[in-house]
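K.L.:
Quick one: sequence and predicted model below, then my questions.
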Amino acid sequence: MARLLFTSRHFGSLDHPKNSDKAINLSRLIGTQLNFMNQSHGNQIVVITNKSEADISVYESDGLVTNQANVALAVQVADCMPLLLLSKNVVAAVHVGRKGLLNQVAVNAIVEMKKLGAEQISGVVGPHICGNCYEVDPQMFGEITKDYPATAGKTNHLNLFAGLADQLKGIELKNLGICTKENVNYFSHRAYGEAGRQVGVISL
Ligand SMILES: [Zn+2]
């Protein structure tokens, strides 16, 4: 059974987890080694199949996958989607924004989970900017919704969750329904131009 949590802004920002007291505190809270990502809106996935001695590790990727118990995976976000994927024996944490939707980072994570034998994968999407708040310029709206019509919300607004749910057909996805731009308890780059990041964390 996987364990998962999402922090709020009141825990503090985890935008620089390396040598961060907050990252250590989070590791102690959950009682496991904790792995973060240096995210770049790419589609690289790192698969962790060994336990590390370090309390905190940071990988260059936008997705982490593990089949190891007590190895926690964290994804840092402000308005992008923190996607946590779970199955009986394999879990993943994935950073999915507008670019990640287009470069299929979540699809790549599921491919890696299946290589480790994952079956009956489901997912939870934590706090992110909702379809009513995520306005983009008309050209970008046109380009994205041409290839990913499910992302089309109201005029010039993108619904990232709807796009992801369409991309991951066959995977049961839950949306916590918390909008970072509307809810002051969460960091939002769009709402406040701030650099702070909350995290989604998952472990077996
Ligand atoms: Zn909203």
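P.N.:
Now that the structure is in, tell me what you want to look at.
K.L.:
what's in contact with stretch 94-102?
P.N.:
If you take C-beta atoms under 8 Å, 6 or more residues apart in numbering as the criterion, stretch 94-102 is touched by 37, 39, 41, 43, 45, 62-64, 75-77, 79-85, 105-106, 109, 136, 144, 147-148, 151, 158, 160, 163-164, 167. C-beta here means a position set from N, CA and C on the backbone, and glycine is covered the same way.
K.L.:
So which bits of the protein are right by the ion?
P.N.:
Residues of the chain lying close to the ion (C-beta under 5 Å from the ion) are 130, 132-133, 179, 181-182.
K.L.:
for those residues, which one is nearest Asn70?
P.N.:
Minimum distance to Asn70 across the residues of the chain next to the ion is 32.3 Å, recorded for Cys179 (C-beta to C-beta).
K.L.:
doesn't Ala150 fall inside a strand?
P.N.:
No. According to DSSP: H, G, I helix; E, B strand; the rest coil, the state of Ala150 is helix, so it is not within a strand.
K.L.:
pretty sure it contacts Phe161?
P.N.:
No. In this structure Ala150 lies outside contact range of Phe161 using C-beta atoms under 8 Å: 9.6 Å.
K.L.:
So which of the two has more stuff around it?
P.N.:
Phe161 (24 against 16; other C-beta atoms under 10 Å).
K.L.:
Could you find the closest non-adjacent residue to the more buried one?
P.N.:
Spatial nearest neighbour of Phe161, chain neighbours left out: Asn175 (5.0 Å); criterion: C-beta to C-beta, 6 or more residues apart in numbering.
K.L.:
Let me know whether that neighbour touches Cys130 as I believe.
P.N.:
No. Look at Asn175 against Cys130 with C-beta under 8 Å: they stay out of range, at 9.0 Å.
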